[in-house]
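Engineer: no sequence for this one, just the structure:
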């Protein structure tokens, strides 16, 4: 019987029992994809990250849940950066450090700031080539499948838009945090609308942040691919969101997104749009993380 060390990390937070909880298997050499999927199912968390050596980068990670492998994930990548730094699996010094992680979709440039040998801020860079389409379901359709009045979806100077990066998102502005929390996705109304024709099964809702949260925007994901009680992490959607904001006047170069107010488990994502060109958009995603648990699994 072999032993496998693991940790769980709360990411995009500096407080335990907040943020999104990600499982990390720190030494995954020799594990098959089937074993990784079984282990992810045992944790029953949003994602499980497996770290191993790489010939192309400083380390390699693979990301699973109980059903499949993912090419990329914002929260899992941040969890891996934190775990590598916290357990000194890389040669890092106090101050700013750079290294690369190999993921199925390519190499990821990573940054970590160390203080007294501990990681205090974790960051990675994403290059994306979003495509934009102004076609969106009508206000009536949006109102029906988001189950809020249409007037709550009218925001001056902004509009719903389809943005496709790794996957297509239907980005929808709402008027307030209360509206964001009140939305309950209706699959039946969705299915009978024009929305499925957009191929966007993930709806990224956002509003301006209120004064009680140290953020610029509140964001939430809903849609037919999520359970009715789920509050999915939004990290992978941030390149699409940053690109969306670039389509309107005075887009912010840096901003903070709060996610989790729907279930009162808060994440704070620090986003910086580094460059925008015809070739695409480069975005950095950063945040803090805390160690939640540590143990062994027996195979």
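Structural biologist: That came through, no problem. Owing to the predicted nature of the structure, the values given are computational and were not obtained by experimental measurement.
Engineer: could you pull out the buried residues of the longest helix along the chain?
Structural biologist: In the chain, assigned by DSSP state H, the helix with the most residues is helix 74-86. Buried positions in helix 74-86, judged by neighbour count with 16 or more other C-beta atoms under 10 Å: 74-86. C-beta here means a position set from N, CA and C on the backbone, and glycine is covered the same way.
Engineer: what is the nearest of the residues you listed to residue 232?
Structural biologist: Among the buried residues of helix 74-86, residue 75 lies closest to residue 232 (C-beta to C-beta), at 9.6 Å.
Engineer: which ones are touching that closest one?
Structural biologist: By C-beta atoms under 8 Å, 6 or more residues apart in numbering, the contact list for residue 75 reads 11, 12, 20, 22, 46, 47, 233, 235.
Engineer: closest to residue 182 among these?
Structural biologist: Of all the contacts of residue 75, residue 182 sits closest to residue 233, with 20.9 Å by C-beta to C-beta.
Engineer: quick one: low-confidence parts of the chain?
Structural biologist: Within the chain, the ranges that satisfy pLDDT under 70 run 1, 229.
Engineer: find the residue at the geometric middle of it.
Structural biologist: In the chain, the residue lying closest to the centroid (C-alpha atoms, centre = their mean) is residue 235, at 1.6 Å.
Engineer: give the contact list for that one.
Structural biologist: Contact partners of residue 235, counting by C-beta under 8 Å, 6+ apart, are 12, 73, 74, 75, 77, 78, 269, 285.
Engineer: give me phi/psi at it?
Structural biologist: Note on residue 235: its backbone torsions stand at phi -60, psi -40 [degrees, to the nearest 10].
Engineer: could you look up the SS state of the residue lying closest to residue 101 once chain neighbours are set aside?
Structural biologist: Leaving out its chain neighbours, the residue that sits closest to residue 101 by C-beta to C-beta, 6 or more residues apart in numbering is residue 108, at 4.8 Å. What DSSP: H, G, I helix; E, B strand; the rest coil gives for residue 108 is strand.
Engineer: tell me how far residue 108 lies from residue 299.
Structural biologist: 28 Å (C-beta to C-beta, to the nearest Å).
Engineer: which pair of the contacts of residue 75 spans the longest distance?
Structural biologist: Going by C-beta to C-beta, the pair spanning the contacts of residue 75 furthest: 12 and 47, at 13.0 Å.
Engineer: of those two, which one has the most company?
Structural biologist: Between residue 12 and residue 47, residue 12 has the larger neighbour count (other C-beta atoms under 10 Å), namely 30 against 23.
Engineer: quick one: that one and residue 268 touch, right?
Structural biologist: Yes: contact criterion C-beta atoms under 8 Å: residue 12 and residue 268 qualify, at 5.7 Å.
Engineer: now the common contact residues for these two.
Structural biologist: Taking C-beta under 8 Å, 6+ apart as the criterion, residue 12 and residue 268 both touch 287, 288.
Engineer: circling back to that earlier point, including distance to residue 61, could the contacts of residue 235 go into JSON lines?
Structural biologist: Output for these, formatted as JSON lines (distance: C-beta to C-beta, whole Å):
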{"residue": "12", "distance to residue 61": "17"}
{"residue": "73", "distance to residue 61": "9"}
{"residue": "74", "distance to residue 61": "12"}
{"residue": "75", "distance to residue 61": "12"}
{"residue": "77", "distance to residue 61": "7"}
{"residue": "78", "distance to residue 61": "11"}
{"residue": "269", "distance to residue 61": "19"}
{"residue": "285", "distance to residue 61": "15"}
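Engineer: for residue 275, state which of these is nearest.
Structural biologist: For the contacts of residue 235, the nearest to residue 275 is residue 285 (14.7 Å; C-beta to C-beta).
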